[in-house]
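Chemist: show me the folded form of this:
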Amino acid sequence: MALARRARGVLAFWRAEQRTLRQGFSALLISSFGDLFAGLTLGFMTGTLQRLPALIVLIPAAIGMRGNIFGALGSRLGTGIHAGLFQPSADRRGFLGQNVTGAGVLTLTTSLFLGVAAWVVSGMLGLESISVWGFVAISILGGVLGSIVVGAASVWIAVLSNRRSWDLDSVSAPLVTAIGDVATLPALWLASLIVEVPNVMTVFALLAGAACIVATVRGIRSKAPIVRRVVRESVPVLLLAGTVDIFAGTIVETRLEHFLAFPALLILMPLFLQNTNALSGILSARLASKLHMGVIGPRPVPEGPAWVDIAINFTFAAVVFTIVGAGAQMMSVVTGRASPGAFEMVAISLTAGLLATVISSVVAYLTAIATFRFGLDPDNYGIPISSSVMDLAGTVCLVAVILAFGVNTHV
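Modeler: So this is what the prediction gives:
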């Protein structure tokens, strides 16, 4: 009898979450398909990575930061929709306008920081690298170009979700992180061309860096309450997140020969990291909304509704990472990029993905309850912290599994 009750409870749980599963799967599959193009861009950037030493150190951080900033924007807008605060309006003083302005300031602040941090960390680790002006110019120009696309897409998704009664918490994170990958990699590649003109590069880096500093100060001192809170609360955690992402890039740099020998792994990497971020973002956003609405409390042990969200994420992970490995393999075959093999690609993606999902579930939950307990907005902290941790943890999981499967660098 007890077993029958549990079985009925499980069936009721899945029936209740059909909408979330359907919308979440759709968003993840669409974002994964889109991210194939980001992976292809990286797969064809082998020459650029060889020509510009340590550029790969910046790439995961630049990609991750777009997801951190605009994933958090989507999370805040999702909470605003639930709370009845969201109104599609071009008024910069309104809820939407202030949130978008805050995201713009954060883009400039973090782009300058990432450029300098990539150069500093590369030097600390003794890696051959391009100049600090090269890093700063590429980071700011690539960041701004990518953010224009991602920011517009984030607002459009929020407006559409509000109009069609979609669950923005389930669709925003995967779509925004995928769009961030697709937009950021080509933007970084275009920005890298500035290195070919050293004088222009140096002047641009100095002027753009000064503009970023001015924007940061104005954001911190803004009279608009949402802008001021978003910038003040987000800057410290985003700088910490960016630092973590930089170290994720150094892990790839130290094992770059595996990725250069098998460009299929370069195609896989953005796909893989995007989905680890998307899953952590979905969980972070859903937990933040439940905390704000009082559905769950900030308790050390997850309550029932939180366990439901965690179980949904593992369901997503098992399907999505299988598709990711198969998709990367398919694209490598179509484009003639070397691959370690179809079985290896799927096995690497699924194994590393499930390991990463365990970590992301713990990080997303602990971050949400900790920030809520301290009176902070988990929408501002959950996605940046979990995404940055997952950039590093996901990279470690991916590289570790590649090594564990004995992928040889000799083609």
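Chemist: ok, which stretches of this structure are helices?
Modeler: 2-16, 18-43, 46-51, 55-83, 95-124, 132-164, 168-192, 198-220, 225-254, 256-261, 263-293, 304-335, 342-373, 378-404 (DSSP state H).
Chemist: redo these as JSON lines? Include distance to residue 89.
Modeler: C-beta: built from backbone N, CA, C; applies to glycine. Converted to JSON lines, the helices of the chain look like this (distance: least, CB to CB, whole Å):
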{"stretch": "helix 2-16", "distance to residue 89": "34"}
{"stretch": "helix 18-43", "distance to residue 89": "25"}
{"stretch": "helix 46-51", "distance to residue 89": "41"}
{"stretch": "helix 55-83", "distance to residue 89": "12"}
{"stretch": "helix 95-124", "distance to residue 89": "6"}
{"stretch": "helix 132-164", "distance to residue 89": "10"}
{"stretch": "helix 168-192", "distance to residue 89": "17"}
{"stretch": "helix 198-220", "distance to residue 89": "21"}
{"stretch": "helix 225-254", "distance to residue 89": "13"}
{"stretch": "helix 256-261", "distance to residue 89": "45"}
{"stretch": "helix 263-293", "distance to residue 89": "22"}
{"stretch": "helix 304-335", "distance to residue 89": "31"}
{"stretch": "helix 342-373", "distance to residue 89": "28"}
{"stretch": "helix 378-404", "distance to residue 89": "20"}
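Chemist: of the ones you listed, which shows the lowest average pLDDT?
Modeler: In terms of average pLDDT, helix 2-16 trails the rest of the helices of the chain, at a mean of 54.
Chemist: may I have the phi/psi pair for residue 44?
Modeler: Backbone geometry at residue 44, expressed as degrees, to the nearest 10, gives phi -100, psi 0.
Chemist: count the residues that sit near it.
Modeler: Neighbours of residue 44 under the rule other CB atoms under 10 Å: 16.
Chemist: ok, now which ones touch it?
Modeler: 263, 335 (CB atoms under 8 Å, 6 or more residues apart in numbering).
Chemist: got a pLDDT number for it?
Modeler: 72.
Chemist: for residue 37, see how far away it is.
Modeler: Going from residue 44 to residue 37 by CB to CB, to the nearest Å gives 11 Å.
Chemist: again with residue 329
Modeler: 16 Å.
Chemist: out of the two, which sits in the busier spot?
Modeler: Ranked by neighbour count (other CB under 10 Å), residue 329 and residue 37 place residue 329 first, with 23 against 16.
Chemist: quick check: the more buried one touching residue 340?
Modeler: No - Residue 329 is not in contact with residue 340 according to CB atoms under 8 Å; the separation is 9.2 Å.
Chemist: any common contacting residues for these two?
Modeler: Residues touching both residue 329 and residue 340 (CB under 8 Å, 6+ apart): residue 264.
Chemist: run through who's touching stretch 180-192.
Modeler: 34-35, 37-38, 41-42, 45, 48, 52, 55, 58-59, 62-63, 66-67, 70, 137-139, 141-143, 145-146, 149-150, 270, 274.
Chemist: buried stuff in it?
Modeler: By neighbour count on 16 or more other CB atoms under 10 Å, the buried set for stretch 180-192 is 180-189, 191-192.
Chemist: which one of those is nearest to residue 349?
Modeler: residue 181 (15.7 Å; CB to CB).
Chemist: where does residue 125 fall, phi/psi-wise?
Modeler: When read as degrees, to the nearest 10, the backbone of residue 125 gives phi -90, psi 0.
Chemist: burial check on the nearest residue to it once chain neighbours are set aside, number of neighbours?
Modeler: Closest residue to residue 125 apart from its sequence neighbours, by CB to CB, 6 or more residues apart in numbering: residue 250 at 5.9 Å. Close neighbours of residue 250, defined as other CB under 10 Å, add up to 21.
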